[in-house]
Each structure stands twice: as C-alpha cells, then as structure tokens.
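[1] let me see the structure of the following:
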Amino acid sequence: MAESRQGDWLVLSVSGEVDLSWSQTLRTAVLKALPGTPALAVRLDQVAYIDSSGIAALVEGFQQARSRNQPFVLLAPSPSVRAVLELARLDRVFQIREQLD
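    Alright, predicted model coming up:
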C-alpha cells in the first residue's frame, strides 16, 4: 500500500488481493490515516480481488470518516471490486469517483 497527497486528499493506493490475510492491514492504514488528513481516498484500481473482510475494512473507514464529517471516497475501483460493491449495493453507500478533481 502506498500513500500520496493530492491537494487536501490523502490517497491510499491498494493493490493485489484484499482478503482475510490482508484486510487487517487495510483497516489499520485507513483508521490511522483519518485523524491526520482532511479527506481520504482509497485507490482500488490495482485490486484484483476483494472479499467481505476487505469490504468490512472499507465500511468501517467510511463510518469513521462520516462520524467526523470527513470526505471518504473509493477511487477508481477495478472491475472486480466494482462488481462486489454493486452486488452488495454498496455503490449506493460509498462515494465512488474515477479521479479526484
């Protein structure tokens, strides 16, 4: 996972497979990043696979950001990630963007 800045946004770029063995790393990174940035984006274009534990980590981050009135977006999800989000109808919950403006 890589971190970068784009204006006020901290961008966490995730790659590979986000499954039970790796989702805790994602959860920790998201929750640690939130207090130190005005806005958080999680880039998912390089994620080949995500399971329910990875989705749960994103949901927890979203809930924490919402409780702080802090912008939280999923950025450029790969087709496989987008399919999971749509199947779970989470595309209606998360703000999803192809790029930050």
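
[2] ok, residues contacting the lengthiest strand in the chain?
    Longest strand in the chain, counting residues (DSSP state E): strand 39-50. Where contact means C-beta atoms under 8 Å, 6 or more residues apart in numbering, the residues beyond strand 39-50 that reach it are 6, 8-19, 30, 33-34, 58, 61, 65, 70-78, 80-81, 84, 97, 100. All C-beta spots, glycine's among them, are computed from the backbone N, C-alpha and C.

[3] and residue 32, how many neighbours does it have?
    Residue 32 sits with 9 neighbouring residues when counted by other C-beta atoms under 10 Å.

[4] now it: how far from residue 12?
    The gap separating residue 32 from residue 12 is 10 Å, by C-beta to C-beta, to the nearest Å.

[5] bridged to the residue nearest the centre of the chain, which residues?
    Per C-alpha atoms, centre = their mean, the C-alpha nearest to the average position across the chain is that of residue 42, at 3.5 Å. Note on residue 42: beta-bridge partners residue 12, residue 74, judged by DSSP bridges.

[6] could you give the number of residues near the closest residue to residue 9 other than its chain neighbours?
    Spatial nearest neighbour of residue 9, chain neighbours left out: residue 39 (4.7 Å); criterion: C-beta to C-beta, 6 or more residues apart in numbering. Residue 39 has 17 neighbours, counted by other C-beta under 10 Å.

[7] per-residue confidence for residue 101?
    Residue 101 carries a pLDDT value of 79.

[8] got a list of what it touches?
    Counting by C-beta under 8 Å, 6+ apart, residue 101 makes contact with nothing.

[9] how many neighbours does residue 84 have?
    If we define neighbours as other C-beta under 10 Å, then residue 84 has 19 of them.

[10] actually, residue 60.
    Residue 60: 14 surrounding residues under other C-beta under 10 Å.

[11] how about it: what's its closest non-neighbour residue?
    Residue 60 sits nearest to residue 27 (C-beta to C-beta, 6+ apart), 6.2 Å away.

[12] shouldn't that neighbour be in contact with residue 59?
    No. Counting by C-beta atoms under 8 Å, residue 27 stays clear of residue 59, with 9.9 Å between them.

[13] what about residue 16, which SS state?
    State at residue 16, reduced to three classes by DSSP: H, G, I helix; E, B strand; the rest coil: strand.

[14] thank you kindly, that will do.
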